[in-house]
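Chemist: Quick one, structure for this:
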Amino acid sequence: MEKKYTENKYPVIGPWVASTIVTSKKDIVEKSYQDWLDYTLTFQGIISEELANSWGAEKLIGSKFSCLEPSSGKNFQLRIIEYPINGDYKPLTTYGWNAAELVVRDTDELFKKLSNSPFKIIGKPADLKMTKQIRAMQIEGLGKEIFYLTMFKEKLSKYDLPDAESDIDNMFIAVLATDNPEKVQNWYMKNFGIQKREVSKTNISVLDRSFGFQMGTGQYGLTVIPLNGQSLIEVDEYPKIAKKRNYQEGLLPQGNALMSIFIDSINSLIPMSISEPVMINFPPYNGAKSITVKGAAGELIEFIER
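Modeler: Residues are numbered from 1 along each chain as shown. Just a heads-up that it's a prediction; the model follows:
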């Protein structure tokens, strides 16, 4: 049975349904997902005016995009939008969405496979410092997007988490960076009734590397926000040298740009949305209403009615 983490008076959110990047290299990014992540192309199209405006990204009107899903067939899409984006974006150093965490069967086997791939391995397989039940590695894609590839050696009784039904399956955690975890928790509690959890200090090796710290010395605040549908948000407290993610007006951010999630009703969020609700007929919407909202860390969240 799925655990619901919100009280009845709040809209229930989860699971994650899509993760979006914008890149000038759409075709080769798409091929890398097919060849190395075993994701399957499900849809190709053109970004419409109403969809681009719903994101506050009118410069993307007319851009080509592709959607791909895991070979398990789970209802999750990696969406790639083509645009000649420029900038000096460095992953894992700015606030907002920083990674899509995918559940996998075997991180060590994937490390062998991906060692000769277009993906840059930025974190070798290792057990988490907070629990030996989880083993993960991290990779950077050709669009400067970050994936955490995570396997469960044992299930955690504390959370309802998914099984990997293919070697690399769906996203179950969106990783969010902030300078103020409490502010983020308060935002999700106010809008969705999700109770705050303890923020623990831990070392995160991949962040030591991205910030140029001596390995093993960084201490980062970390907490999770549990969602419906075997999904979570991981909230990482970045050091003071982290920056706001700057991006051109009328575009989406570089890297992990936009995360999309199911919700049972968008009505309570309409006053804070970027634009009026839209109804899009292709995946992942399939005719459902959606809106996009900016969260407490500057993250763009697209809510799609289930």
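
Chemist: make it CA atoms for all contacts and neighbour counts henceforth
Modeler: Fine.

Chemist: Gln133 - how many residues pack around it?
Modeler: 14 (other CA atoms under 10 Å).

Chemist: quick one: it from Val184, how far?
Modeler: 27 Å (CA to CA, to the nearest Å).

Chemist: same deal with Ser231?
Modeler: 17 Å.

Chemist: And Ile173, by the same measure?
Modeler: Distance, Ile173 to Val184, using CA to CA: 16 Å.

Chemist: what do you get for Glu109?
Modeler: In terms of CA to CA, Glu109 sits 35 Å off from Val184.

Chemist: ok, the two, which is more surrounded?
Modeler: Val184 (21 against 11).

Chemist: residues of the helix or strand hosting Gly221 that come out buried?
Modeler: Using DSSP states H and E, Gly221 falls within strand 220-227. Across strand 220-227, burial judged by 16 or more other CA atoms under 10 Å covers Tyr220, Gly221, Leu222, Thr223, Val224, Ile225, Pro226, Leu227.

Chemist: If I follow the layout properly, Ala99 ends up in contact with Leu149?
Modeler: No: here Ala99 does not reach Leu149: they are 10.1 Å apart, not a contact under CA atoms under 8 Å.

Chemist: Export the strand holding Gly221 to CSV, keeping only CA atoms.
Modeler: This file holds the C-alpha atoms of strand 220-227, laid out as CSV (Å, rounded to 0.1, in the frame of the first residue of the first chain):
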residue,chain,number,x,y,z
TYR,A,220,26.4,19.4,4.2
GLY,A,221,22.9,19.6,5.7
LEU,A,222,20.6,17.0,4.2
THR,A,223,17.0,16.1,4.7
VAL,A,224,14.2,14.5,2.6
ILE,A,225,10.7,15.5,1.8
PRO,A,226,8.5,12.4,1.4
LEU,A,227,6.0,12.4,-1.4
